[in-house]
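Student: need a structure here:
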Amino acid sequence: MPQVSIAEAKSHLSELIAKCAHGHERFIITRRDKPVAALVSLDDLMIIEQHQERQGLAAVASSWPGFEEVASGVVGVRS
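Tutor: Okay, the predicted model is just below:
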């Protein structure tokens, strides 16, 4: 993933946004050569958020009493 400094991102923000939105490119924004943020398309952000929601649901479900029994049954269904 290409890296751009904050200064470069400021001076080329419209161009970077267009590349994200239309070219589905992603950029790491850096400060003093250290990553501090990312610029991604709205579609990519929605995918990331959906992934986080699914992981959150799995974490909640795994804390339910008796989840071990359900999880072992699901593994059996998959195979």
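
Student: in this protein, which spans are helices?
Tutor: Taking DSSP state H, the helices of the chain run over residues 6-11, 13-23, 42-62, 67-78.

Student: rank the ones you listed by pLDDT, which is bottom?
Tutor: Here the lowest mean pLDDT among those goes to helix 67-78, at a mean of 57.

Student: for Ala9, which non-adjacent residue is spatially closest?
Tutor: Counting by CB to CB, 6 or more residues apart in numbering, Ala9 lies nearest to Ile29, which is 5.3 Å off, once chain neighbours are set aside. All C-beta atoms are positioned from the backbone trio N, CA, C, and that covers glycine.

Student: check contacts around Val4.
Tutor: His12, Leu16, Phe27, Ile28, Ile29, Thr30 (CB atoms under 8 Å, 6 or more residues apart in numbering).

Student: isn't the fifth one right up against Leu16?
Tutor: No: Ile29 lies out of contact with Leu16 (CB atoms under 8 Å); the separation is 9.1 Å.

Student: which neighbours do these two share?
Tutor: Contacts common to Ile29 and Leu16, judged by CB under 8 Å, 6+ apart, are Val4, Ala9, Leu39.

Student: the last one bridge partners, please.
Tutor: Each beta-bridge partner of Leu39 is listed here: Phe27, as defined by DSSP bridges.

Student: list the buried residues for stretch 22-29?
Tutor: Glu25, Phe27, Ile29 (16 or more other CB atoms under 10 Å).

Student: mind putting the residues you listed into CSV with distance to Ile48?
Tutor: Listed next are the buried residues of stretch 22-29 as CSV, based on distance: CB to CB, whole Å:
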residue, distance to Ile48
Glu25, 15
Phe27, 15
Ile29, 16
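
Student: out of those residues, who's nearest Asp43?
Tutor: Distance to Asp43, by CB to CB, is smallest for Glu25 among these, at 12.0 Å.

Student: would you confirm that that closest one contacts Pro2?
Tutor: Yes: assessed by CB under 8 Å, Glu25 is found in contact with Pro2 at 7.3 Å.

Student: cool, thanks, signing off.
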